[in-house]
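K.L.:
Below: sequence and its predicted model.
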Amino acid sequence: LLEEYLRDKIDGAELDRRKAAARDEAAAEHKSLNELDKAHAAYEDAKNARIVADDTMEKASAAVEMALAAEDTAEAALRAAARALLPQQPGPSGMVKKEV
């Protein structure tokens, strides 16, 4: 079959058709292959779902890190703005503490 394809006696479509026919014939002769194929397909689906979930989790984790950094920056700006608006109060010694 492959030799016929390599010698250009059959085209890709015919090769695919013959491979599918051979697979169907083998499946009919070997019922256990059907179960193996189903189990393999289920495994591949589960593996692919895990890969997508891992990727989604990594992106979410990166987004959380970015959000936390933005929150910290915004909090520092908020504190600075509040300090600028609030009158400075003397401490227990009666002195006004100078912010650095």
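P.N.:
It's in.
K.L.:
Now whichever helix or strand Asn48 is part of: average pLDDT?
P.N.:
Using DSSP states H and E, Asn48 sits within helix 31-85. The predicted model assigns helix 31-85 a mean pLDDT of 93.
K.L.:
For the remainder of this discussion, apply numbering that starts at 29.
P.N.:
In the new count, where the first residue is 29, that last one comes out as helix 59-113.
K.L.:
Going by contacts, tell me the helices and strands next to it.
P.N.:
Based on contacts counted as 3 or more Cβ pairs under 8 Å, 6 or more residues apart in numbering; DSSP states H and E, the elements that helix 59-113 packs against are helix 40-57. For every residue, glycine as well, the C-beta is placed using N, CA and C.
K.L.:
CA atoms only for the helix it packs on - export them in PDB, please.
P.N.:
C-alpha atoms of helix 40-57 as PDB (Å, rounded to 0.1, in the frame of the first residue of the first chain):
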ATOM      1  CA  GLY A  40      -3.300  10.600  -1.000                       C
ATOM      2  CA  ALA A  41      -7.100  10.300  -1.000                       C
ATOM      3  CA  GLU A  42      -6.900   6.700  -2.200                       C
ATOM      4  CA  LEU A  43      -4.300   5.900   0.500                       C
ATOM      5  CA  ASP A  44      -6.500   7.400   3.200                       C
ATOM      6  CA  ARG A  45      -9.500   5.400   1.900                       C
ATOM      7  CA  ARG A  46      -7.500   2.200   1.900                       C
ATOM      8  CA  LYS A  47      -6.100   2.800   5.300                       C
ATOM      9  CA  ALA A  48      -9.600   3.400   6.600                       C
ATOM     10  CA  ALA A  49     -10.900   0.300   5.000                       C
ATOM     11  CA  ALA A  50      -8.000  -1.700   6.400                       C
ATOM     12  CA  ARG A  51      -8.700  -0.300   9.900                       C
ATOM     13  CA  ASP A  52     -12.500  -1.100   9.600                       C
ATOM     14  CA  GLU A  53     -11.600  -4.700   8.500                       C
ATOM     15  CA  ALA A  54      -9.200  -5.100  11.400                       C
ATOM     16  CA  ALA A  55     -11.700  -3.700  13.900                       C
ATOM     17  CA  ALA A  56     -14.300  -6.100  12.600                       C
ATOM     18  CA  GLU A  57     -11.900  -9.000  13.100                       C
END
